[in-house]
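Student: with the input below, show me the fold.
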Amino acid sequence: QVQLVESGGGLVQAGGSLRLSCAASGRTVSSYAMGWFRQAPGKEREFVAGVSRGAVTLYADSVKGRFTISRDNTKNTVYLQMNSLKPEDTAVYYCAADVRSLRIIFTRVDAYDYWGQGTQVTVSS
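Tutor: Model (predicted):
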């Protein structure tokens with residue numbers, strides 16, 4: 001069993017930055033793939049970024065070059081550093097754990113086994 005708790009969301013102006021945190025308990029984050037997803041009102045949940053067990057990272061095209069996913073194994077926490085934020089980044093952001101993948105970072109929602117409760121990010125123009 002894995003419990004995930006996100007934090008760090010909030011209201012920021014366009015061009016600003018936020019860092020989201022996802023604290024995990026139950027298993028160490030280095031033992032499975034982790035992903036960040038987001039869901040805007042009226043839209044489907046979409047993949048944002050992921051990090052594999054081997055620390056390989058993957059980003060959605062829409063955030064590449066602006067967002068960075070990282071993992072601190074000593075704190076059992078995964079981060080999402082978001083820079084140059086845009087109004088279209090407004091969404092509820094979720095972290096998720098894929099405990100089955102050995103190497104691949106999946107972008108499908110149904111590939112992930114555990115989810116946090118989400119944290120709201122609002123970017124004003």
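
Student: from now on I want contacts and neighbour counts done on CA atoms only, so please keep to that.
Tutor: Will do.

Student: so where do the strands sit in the protein?
Tutor: Assigned by DSSP state E, the strands in the chain fall at 3-7, 10-13, 18-25, 33-39, 46-51, 57-59, 67-72, 77-82, 91-98, 114-115, 119-124.

Student: out of the ones you listed, which is closest to T107?
Tutor: Evaluated over these, closeness to T107 peaks at strand 46-51, with 5.4 Å, by Cα to Cα.

Student: what residue lies at the spatial centre of this structure?
Tutor: W36 (2.0 Å; Cα atoms, centre = their mean).

Student: ok, that one - contacts?
Tutor: Going by Cα atoms under 8 Å, 6 or more residues apart in numbering, W36 touches F47, V48, A49, G50, L80, Y93, Y94, C95, A96.

Student: excluding residues flanking it in the chain, which one is nearest it?
Tutor: C95 (4.5 Å; Cα to Cα, 6 or more residues apart in numbering).

Student: for the contacts of W36, which single residue is the most surrounded?
Tutor: Neighbour tally across the contacts of W36 (other Cα atoms under 10 Å): the maximum, 31 neighbours, falls on C95.

Student: how close does that residue sit to F37?
Tutor: Distance check for C95 against F37: by Cα to Cα, to the nearest Å, it reads 6 Å.

Student: quick check: mean pLDDT of stretch 49-65?
Tutor: Here stretch 49-65 scores 96 as its mean pLDDT.

Student: one step back: adding distance to I105, write the strands of the chain out as TSV.
Tutor: What follows is the strands of the chain, written out as TSV (distance: least, Cα to Cα, whole Å):
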stretch	distance to I105
strand 3-7	18
strand 10-13	27
strand 18-25	17
strand 33-39	7
strand 46-51	6
strand 57-59	7
strand 67-72	13
strand 77-82	15
strand 91-98	9
strand 114-115	15
strand 119-124	22
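
Student: among those, which comes closest to R108?
Tutor: strand 46-51 (7.1 Å).

Student: quick one: distance of stretch 30-38 to the chain centre.
Tutor: 7 Å (Cα atoms, centre = their mean, to the nearest Å).
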